[in-house]
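>>> pasting the structure only:
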């Protein structure tokens, strides 16, 4: 990444379609030169990972349909939530965040708070994720997955004591789930 240029971008995990992989590498190469890196990142042999997610024409149509549904009925929490899920599945986390937030403003639910927490995790906002998982649990105390993700987030932060109770709750809720 010398002088705003990328030296030899490579695909480390293939999409399974050589054409898509080639297009992704070409997109990176066509984007140079990049602006200068912040000083704290300006070091030799810096590796930057760029994740691409292909959004199919069908997914684009679903997103457009959901946007239309929201335009027709802006107070539909279900439509905002569904749009958030589609954005999340397309790795468009900022858009997902906006949709889940709007769904929660209209009609808070354990599902939209849990999805919001997962979105915050993908945006690197772990404390916000914890708050959202706790909110999901406050609405539905037996939300197995919210307890799991709360415990995992505490664990990632090295807050092992805080992770114990959510993990205990997972076992209480579903003692036979070995995939939690």
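It's in. Quick caveat, the model's predicted, so the values are computed rather than measured. Numbers count the residues shown, from 1 in each chain.

>>> which strands and helices sit next to the helix ranked longest in the chain?
Ranked by residue count, the top helix of the chain under DSSP state H comes out as helix 57-72. Applying 3 or more CB pairs under 8 Å, 6 or more residues apart in numbering; DSSP states H and E, we find helix 57-72 packed against helix 77-89. All C-beta spots, glycine's among them, are computed from the backbone N, C-alpha and C.

>>> what's the spacing between the helix it packs on and its chain's center?
In terms of CA atoms, centre = their mean, to the nearest Å, the centre of helix 77-89 is set 12 Å apart from its chain centre.

>>> In stretch 11-26, which residues are buried?
For stretch 11-26, the buried set under the neighbour-count rule, 16 or more other CB atoms under 10 Å, comprises 21, 24-25.

>>> would you list the residues you listed in JSON lines and tack on secondary structure?
Converted to JSON lines, the buried residues of stretch 11-26 look like this (DSSP: H, G, I helix; E, B strand; the rest coil):
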{"residue": "21", "secondary structure": "helix"}
{"residue": "24", "secondary structure": "helix"}
{"residue": "25", "secondary structure": "helix"}
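
>>> Mind putting those into CSV with pLDDT and distance to residue 76?
Converted to CSV, those look like this (pLDDT from 0 to 100; distance: CB to CB, whole Å):
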residue, pLDDT, distance to residue 76
21, 75, 38
24, 76, 35
25, 77, 40
